[in-house]
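# Sequence and predicted model, in that order:
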Amino acid sequence: MPLLGCIADDFTGATDLANTLVKGGMTAVQVIGVPTGPLPEADAVIVALKSRTAPVREAVAESLAACEALLAAGARQIFFKYCSTFDSTDEGNIGPVADALVRRLDCGFALANPAFPTNGRTVYQGHLFVGDKLLNESGMENHPLTPMRDANLLRVLSRQTDGTVGLVPFATVEQGAAAIRKAMTGLKESGRRYAIVDAVTDAHLLAIGEAAAGHALITGGSGVAMGLPANFRAAGLLPERGAAAAELPPMRGHAAVLAGSCSRATLGQIGYARNHAHTLELDVLATPDVAALQQQALDWATDKLGEAPVVIAASAPPEKVQALQARLGRDKAGALVEDVLAGIAEALVAGGVGRLVVAGGETSGAVVSRLGVHSLRIGAEIDPGVPWTFAETPGLHLALKSGNFGARDFFLKAFGQ
Ligand SMILES: Nc1ncnc2c1ncn2[C@@H]1O[C@H](COP(=O)(O)OP(=O)(O)OP(=O)(O)O)[C@@H](O)[C@H]1O
Ligand SMILES: O=C(O)[C@@H](O)C(=O)CO
């Protein structure tokens, strides 16, 4: 029976959350899509959806179905995981999904906190920063699917919900769990449905987690989950598991990287790989043809597969992404690239790749679905927010890298190179 039931709006976000929980000593399994059968045994079950950019009704329906499955399995608390850069549009999907979960759980209130200080995401006076930049000046304003042009999370969330949004400010968070709990209760009693809670350090996140021990629903990035294992331990529900929580079978097979993220971090990692690994950059704008791009990649990779990774990227800088979107439309452009990379993944795995890194949440969703992966067991962390995972079917080690995560050498470091 899971202690914590999680609903993640994309696949890399799901592994990021699972990673945090495993580091906190919980076992965690990521289930792909709304579960249809019994849930796997783990302290935390994370249902990974591809709902971040889905139509609102679909995102809400799938999230509610996931919630039902988690509650039916006995989950004591529900966690709605979204991106640490609050990726969404004015239509949703963070607000509508959170609204539906608040109603389903009849809790009237939930905190909202995307902070992840280790990866540079902090929230101060309700404003989200990426490193030393406001969200809307961080590169996220150019995101292909969810451009973020406002750093004020009270405003951003207010546009997506029919409820109201309050703030638990830095000065309160600094005072610790009791003060945060009191402030959240006050906001709930005054009719606020959400509280954006400031957090600049991990200590803040631990205090927020402690303050939310009794909450039916928590919403946020993986950071705010840091404090949750301690709550279950304090309640006598979670034994000490230590490193055993992160054990995976031994790695085997060739190594490969597929990149579909166009984030600054991923573009930097591709730049590094260009000089340190076999790297192919597909020009989707020049050849917007799924079969031709797949053939090009597979012909190129065939004599290069081995211990060292081959890196295949469709990623492009903002002007090229915009040009393809102008030609095909935003969704079609994204879907075409996802289709290309999913097909390449399928052929690479059939050709002996057993260790695969995928960069980008939407991209990971497309690849994992194509490979017929049902669930992922979470292993050790490579870089903050990105663990190795193991998929029993088809017997593959996968690392699903959030677009903006990982050091410049991530694509080599993942394989110990
Ligand atoms: N050259 C390109 N032109 C247009 N769209 C592209 C191109 N390359 C990739 N894309 C699309 O951009 C989108 C990138 O989203 P994805 O979620 O994979 O990355 P991300 O948003 O950086 O990662 P994360 O969600 O983990 O933060 C995908 O839909 C992908 O297909
Ligand atoms: O929170 C994050 O930044 C990531 O886990 C993510 O959701 C990227 O898609």
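Yep, that arrived. Because the structure is predicted, anything quoted here is derived from the model rather than measured. Ligands and ions are numbered 1, 2, ... in the order given.

# If you count residues, where's the longest strand of this structure?
The strand that spans the most residues within the chain, counting by DSSP state E, is strand 375-383.

# Mean confidence (pLDDT) on that strand, please.
Mean pLDDT, strand 375-383: 94.

# does the next helix or strand after it come close to ligand 1?
Next along the chain after strand 375-383, taking DSSP states H and E as the criterion, comes strand 386-391. No: judged by C-beta under 6 Å from any ligand atom, strand 386-391 stays clear of ligand 1, getting no closer than 9.8 Å. The C-beta positions use only the backbone N, C-alpha and C, and glycine is treated the same way.

# Up against ligand 1, what does the stretch 201-350 of the chain have?
For the stretch 201-350 of the chain, the contact set with ligand 1 under C-beta under 6 Å from any ligand atom comprises 260-263, 284, 314-316, 320-321, 324, 333-334, 337-338.

# rerun at 8 Å
260-263, 266, 282, 284-285, 314-316, 320-321, 324-325, 333-338, 341 (C-beta under 8 Å from any ligand atom).

# among the residues you listed, which are within reach of ligand 2?
Among these, no residue lies close to ligand 2 (C-beta under 8 Å from any ligand atom).

# List only buried entries from those residues.
Neighbour counting by 16 or more other C-beta atoms under 10 Å classes 260-263, 266, 282, 284-285, 314-316, 321, 324-325, 333-334, 336-338, 341 among those as buried.

# quick one, what contacts D106?
A216 (C-beta atoms under 8 Å, 6 or more residues apart in numbering).

# got a pLDDT number for it?
On the pLDDT scale, D106 is placed at 98.

# repeat for F232
98.

# pretty sure it contacts D43?
Yes: with contact defined as C-beta atoms under 8 Å, F232 counts as touching D43 (7.3 Å).

# what is in contact with the two at once?
Common neighbours of F232 and D43, counting by C-beta under 8 Å, 6+ apart, are L3, L4, M26, L238.

# May I have the residues that are in contact with the third one?
Spelled out, it's M26. By C-beta under 8 Å, 6+ apart, the contact list for M26 reads L3, L4, A42, D43, A44, P229, F232, L238, R241, A245.

# In ChimeraX, select just the buried ones from those residues.
Selection of buried members from those for ChimeraX, criterion 16+ other C-beta under 10 Å:
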select :3,4,42,43,44,229,232,238,245
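
# about what we covered before: go through the buried ones among the residues of the stretch 201-350 of the chain next to ligand 1 and flag which are in strands.
Per DSSP E, these never map to strands.

# tell me the helices in the protein, going along the chain?
For the chain, helices defined by DSSP state H occupy the ranges 11-23, 56-72, 94-105, 153-158, 170-173, 177-189, 202-211, 228-234, 264-276, 290-301, 318-328, 330-350, 361-370, 410-413.

# These: which one's closest to A380?
Closest approach to A380 among the helices of the chain is made by helix 11-23 (8.4 Å; C-beta to C-beta).

# for that closest one, packing partners?
Using 3 or more C-beta pairs under 8 Å, 6 or more residues apart in numbering; DSSP states H and E as the contact criterion, the elements in contact with helix 11-23 are strand 4-8, strand 28-32, strand 44-48, strand 77-81, helix 361-370, strand 375-383, strand 386-391, strand 396-401.

# Out of these, flag the one nearest G92.
strand 77-81 (12.3 Å).

# and the angle from that closest one to strand 44-48?
40 degrees (axes from the mean of the first three to the mean of the last three C-alpha atoms, to 10 degrees).

# Contacts for strand 77-81, please.
Strand 77-81 is touched from outside by 3-9, 13-14, 16-17, 46, 63, 67, 70-71, 97-98, 101, 105, 110, 215-222, 225, 228, with contacts defined as C-beta under 8 Å, 6+ apart.

# Contact residues of the chain facing ligand 2?
By C-beta under 8 Å from any ligand atom, the residues of the chain that approach ligand 2 are 8-17, 52, 81-85, 87, 114, 116, 119, 121, 221-222, 360-361, 385, 402-405.

# Now, of those, which are buried?
By neighbour count, with 16+ other C-beta under 10 Å, the residues of the chain next to ligand 2 hold 8-17, 52, 81-85, 87, 114, 116, 119, 121, 221-222, 360-361, 385, 402-405 as buried.

# ok, the closest residue to ligand 1 within the stretch 51-200 of the chain - contacts?
Relative to ligand 1, the nearest point of the stretch 51-200 of the chain is P144 (3.9 Å; C-beta to the nearest ligand atom). Going by C-beta under 8 Å, 6+ apart, P144 touches C262, V321, Q325, R330, A333, G334.

# ok, now E381?
N19, K23, P387.

# ok, and the closest non-adjacent residue to the second one?
Spatial nearest neighbour of K23, excluding adjacent residues (C-beta to C-beta, 6 or more residues apart in numbering): E381 at 6.7 Å.

# is A8 in a bridge, and if so with what?
A48, K81 (DSSP bridges).

# Go ahead and confirm it touches V47.
Yes: between A8 and V47 there is a contact at 6.9 Å, judged by C-beta under 8 Å.

# Between the two, which contacts overlap?
Common contacts of A8 and V47 (C-beta under 8 Å, 6+ apart): A14, Q30.

# Nearest to ligand 2: which residue in the stretch 251-400 of the chain?
Taking C-beta to the nearest ligand atom, the stretch 251-400 of the chain has G361 as its residue nearest ligand 2, at 3.4 Å.

# List the contacts of the closest residue to that residue other than its chain neighbours.
Spatial nearest neighbour of G361, excluding adjacent residues (C-beta to C-beta, 6+ apart): D10 at 3.6 Å. Contact partners of D10, counting by C-beta under 8 Å, 6+ apart, are A48, L49, K50, S51, R52, C83, G361, E362, S364, G365.
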